[in-house]
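Participant: got a predicted model here, sequence first, then my questions.
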There are 2 protein chains.
Amino acid sequence: MSEDLERRKRPTIHDVARQAGVAVGTVSRYLNGQDVRAGKRAEIERAVEALGFRRSALAAAMKGERTGLVGFMAPDFDEYHSALLNHLAQILRQSGQKLLTYSHATDGSLLRQSLDFLVEQRVDALVMAGLPNSQGILSAFHDEGIPVVVYNNDVRGERLDRVFVDNVKASSRAVGHLVDVGHRKIALVTGDPKDSTGVERRLGYEEALRRHDIPIDPAYVFVGDWKTEAGYNALQGFMALSDPPTAIFSSNYRMTTGVLEWLREHGLRTPQDIAIVSFDDVDLFRLYDDGITAVAQPLPLIAEAIAGYVATRLGDGEVPDIRSRTIECNIILRGSTRRPLPASPAERFGHDRY
Amino acid sequence: MSEDLERRKRPTIHDVARQAGVAVGTVSRYLNGQDVRAGKRAEIERAVEALGFRRSALAAAMKGERTGLVGFMAPDFDEYHSALLNHLAQILRQSGQKLLTYSHATDGSLLRQSLDFLVEQRVDALVMAGLPNSQGILSAFHDEGIPVVVYNNDVRGERLDRVFVDNVKASSRAVGHLVDVGHRKIALVTGDPKDSTGVERRLGYEEALRRHDIPIDPAYVFVGDWKTEAGYNALQGFMALSDPPTAIFSSNYRMTTGVLEWLREHGLRTPQDIAIVSFDDVDLFRLYDDGITAVAQPLPLIAEAIAGYVATRLGDGEVPDIRSRTIECNIILRGSTRRPLPASPAERFGHDRY
DNA sequence: TTGTATGCGTTATCAG
DNA sequence: CTGATAACGCATACAA
């Protein structure tokens, strides 16, 4: 019942060569799809099958310049990053690339360590969510011949490729939509201002208010840390104001989740009691009450852009040191921003017009 | 502006040795934390820093018996698998293991190909969601010295370790709960019966009905494919019956999402119009209406159990060919199973009693 | 402690 | 086309 599972030495091309009665070079050529006489080819195939031979990607990579590995690093695999991972995995599979994933848990020292690890594994390229504290250490990758592509957050000044969504415009449109349906007391739940997304989404919010001549009220701005609790606390604060907001723009799906938790706990509903727009689109938003209006990041496009950048860097054409792609978001209109207070009886039936 | 990013040859231990004025062996020993005279140690450290040397894990792995790589394979990185991936990544990091992830998109031929790929990368172990069509090819891994741990679905008869949740018991309790709150017309949305989870969750459902002397009505059973659409279609069918069910037990979160979509579209609410219990627990269920009662799989425990199995296999103790661990689920009671029809006026105020 | 030499499994080069 | 052989970068046994 109890057997010693010992790591039986795997067969090598030498074993295959011997069994097939050919030279190792011939086996190697066979494995790489080069021309081999039909007779020998059959012998080799038989030997491979019999021995259960699988070529060692390690040894192969030690010779060639490429491992075929693309490092993927994210703080953690939450809904956003794992959805992207999913798309990326599909695309990279097509081109024979493999994904070496690593999460660094937003810990600064772990970041350094994680990057070292990926270099040691000799990844051909590195894809990662930009981190403010990765300043200065990423260009080194580029200089050492490992192209880097960041997404989501920027890392200023580094030599690397960037794929972002147009945070400012999307946020501005989202907040503008709230104004359009009649709100003027619009609060913002934003994230860490060290993150470019934090800055940009806030910028979009401010721009929209300015455009509509609505003064920016600091009491209506909550700076959180992107986590669920922040959204919860934000609402707690907003609703305790003597003049609470009638609408919320929340900068990511996690904080929005916290917002919704608070509302649920306190028996408030959207859009009757408060309007909501969230950055990011997740299942929850489709189905919460009559839906939460959301800024949907086109993940498939983002993944494609990233993969494209990686591919051209790994190709042999000349590529500029720095490239950047900005992708537009879609705003998905849902019940949470339905017009709250019909201005006139005539509009009374306009509820469902979007 | 446009520079040829060429893969500068990385420095090797030889380069470090020369620069530091020591032998390669000494550098190697330094890298592996063995004793090196303080003076030379400093020289080496300086050289490593100056050259930007990073040891090649490939070459190192070619010598030793281990790569430190654990293969992780899932059909895709949806909320369930990526949450597990997340936990697993945290735990394996502690023990210096790295995760090589691969998704096979439920395609049978891709499965074979994906497995080959992982073997070629010389993973030390393989963690995967069991697949019915991986019968017969997984024991080969074990026999070749690559331990395999499956989770979620079983692969019958293979020599490998298993970590599951107690699907039968959890389902039975979930359905029992529906009976407890007054339902007798309980429908089942189940998944592919080729998957052990499909079979077991259905078994739990049937057992609960039997225990309560409720006949099993085939019209109340919908066999889906785990996807969102299946849940939607299930509801479509159930509600078209002359005597529709008053409660639904749905076997995974995706299908439940479909169920909720149908309800939303048709203006039905839970628990007023229909009661719901779902397997799996996701954000959506916490916040949909007054919450969806759900069977929560304890992902951290599952990840720990998996990591533990991997660790002992990779250790040098004797381990039985097959091990199995079954973990209990928690049932999270929420609004979707609140007692629908108070039997007597006295119970009228019992709504919130759980 | 340290240096030297050998091998790990491939691929590539160079003759044949 | 094919065979023999030299790298690739590191770890380790052995000798010093």
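Facilitator: It's in. Numbering: from 1, shown residues only, chains lettered A, B, ... in the order given.

Participant: skip the chain neighbours and tell me the closest residue to the residue sitting nearest the centre point of chain A.
Facilitator: For chain A, A:H81 is the residue whose C-alpha lies nearest the centre (CA atoms, centre = their mean; 4.0 Å). Counting by CB to CB, 6 or more residues apart in numbering or on different chains, A:H81 lies nearest to A:A74, which is 3.9 Å off, once chain neighbours are set aside. Every C-beta, even on glycine, is put in place using the N, C-alpha and C of the backbone.

Participant: ok, the closest residue in space to A:A57 that isn't next to it in sequence - contacts?
Facilitator: Spatially, and ignoring its direct neighbours in sequence, A:A57 is nearest to B:E120 (4.3 Å; CB to CB, 6+ apart). Contact analysis of B:E120 by CB atoms under 8 Å, 6 or more residues apart in numbering or on different chains lists A:R54, A:R55, A:S56, A:A57.

Participant: how about the residues of the stretch 51-200 of chain A that lie near chain B?
Facilitator: When proximity is defined as CB under 8 Å from any CB of the partner chain, the stretch 51-200 of chain A approaches chain B at A:52, A:54-59, A:61-62, A:65, A:67, A:76-79, A:82-83, A:85-86, A:89-90, A:98-103, A:105, A:116-117, A:119-122, A:140, A:142-145, A:147.

Participant: these in strands, which ones?
Facilitator: Among those, the ones falling in strands (DSSP state E) are A:K98, A:L99, A:L100, A:T101, A:Y102, A:S103.

Participant: now, the most widely separated pair of those residues?
Facilitator: The most widely separated members of those are A:K98 and A:S103, with 17.1 Å between them, by CB to CB.

Participant: show me the helices in the stretch 251-354 of chain A, by range?
Facilitator: A:253-265, A:283-287, A:299-314 (DSSP state H, counting those that start in this stretch).

Participant: elements contacting the first one?
Facilitator: By that I understand helix A:253-265. With contacts defined as 3 or more CB pairs under 8 Å, 6 or more residues apart in numbering or on different chains; DSSP states H and E, helix A:253-265 has these neighbours: strand A:186-190, helix A:228-239, strand A:247-250, strand A:275-279, helix A:283-287, helix B:283-287.

Participant: and the ones you listed as CSV, adding mean pLDDT, mean neighbour count and distance to B:L235?
Facilitator: As requested, those are exported to CSV (pLDDT from 0 to 100; neighbours: other CB atoms under 10 Å in any protein chain shown; distance: least, CB to CB, whole Å):
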stretch, mean pLDDT, mean neighbour count, distance to B:L235
strand A:186-190, 98, 27, 34
helix A:228-239, 98, 20, 30
strand A:247-250, 98, 29, 31
strand A:275-279, 98, 28, 27
helix A:283-287, 95, 22, 13
helix B:283-287, 95, 22, 16
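
Participant: for DNA strand C, find the nearest of those.
Facilitator: Relative to DNA strand C, the nearest member of the helices and strands packed on helix A:253-265 by CB to the nearest atom of the strand is helix A:283-287, separated by 43.7 Å.

Participant: remind me which residues of the stretch 251-354 of chain A are low pLDDT?
Facilitator: The model of the stretch 251-354 of chain A has pLDDT under 70 over residues A:340-354.

Participant: before we move on, the earlier item: can I get the contacts of B:E120 in a markdown table with neighbour count and pLDDT?
Facilitator: Shown next, in a markdown table, are those (neighbours: other CB atoms under 10 Å in any protein chain shown; pLDDT from 0 to 100):
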| residue | neighbour count | pLDDT |
| --- | --- | --- |
| A:R54 | 18 | 95 |
| A:R55 | 19 | 95 |
| A:S56 | 20 | 96 |
| A:A57 | 20 | 96 |
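
Participant: adding distance to DNA strand D, write those out as JSON lines.
Facilitator: Below are the contacts of B:E120 laid out as JSON lines (distance: CB to the nearest atom of the strand, whole Å):
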{"residue": "A:R54", "distance to DNA strand D": "18"}
{"residue": "A:R55", "distance to DNA strand D": "13"}
{"residue": "A:S56", "distance to DNA strand D": "11"}
{"residue": "A:A57", "distance to DNA strand D": "13"}
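
Participant: sitting in helices, which of those do you find?
Facilitator: A:A57 (DSSP state H).

Participant: follow-up on the earlier one: which ChimeraX command selects the buried ones in the residues of the stretch 51-200 of chain A next to chain B?
Facilitator: Buried residues within those, by 16 or more other CB atoms under 10 Å in any protein chain shown, are selected in ChimeraX with:
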select /A:54,55,56,57,58,61,67,76,77,78,79,82,83,85,86,89,98,99,100,101,102,103,117,119,120,121,122,142,145,147
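
Participant: filter the residues of the stretch 51-200 of chain A next to chain B by proximity to DNA strand C?
Facilitator: A:R54, A:R55, A:S56, A:A59, A:M62 (CB under 7 Å from any atom of the strand).

Participant: surely the residue nearest to A:H81 meets A:L99?
Facilitator: No - under the criterion of CB atoms under 8 Å, A:A74 makes no contact with A:L99, lying 11.4 Å away.

Participant: what is in contact with these two at once?
Facilitator: Counting by CB under 8 Å, 6+ apart, the residues touching both A:A74 and A:L99 are A:L85.

Participant: what about the helix or strand harbouring A:Q19 and chain B, touching?
Facilitator: Using DSSP states H and E, A:Q19 sits within helix A:13-20. No - using CB under 8 Å from any CB, we find that helix A:13-20 stays clear of chain B, coming within 12.8 Å at best.
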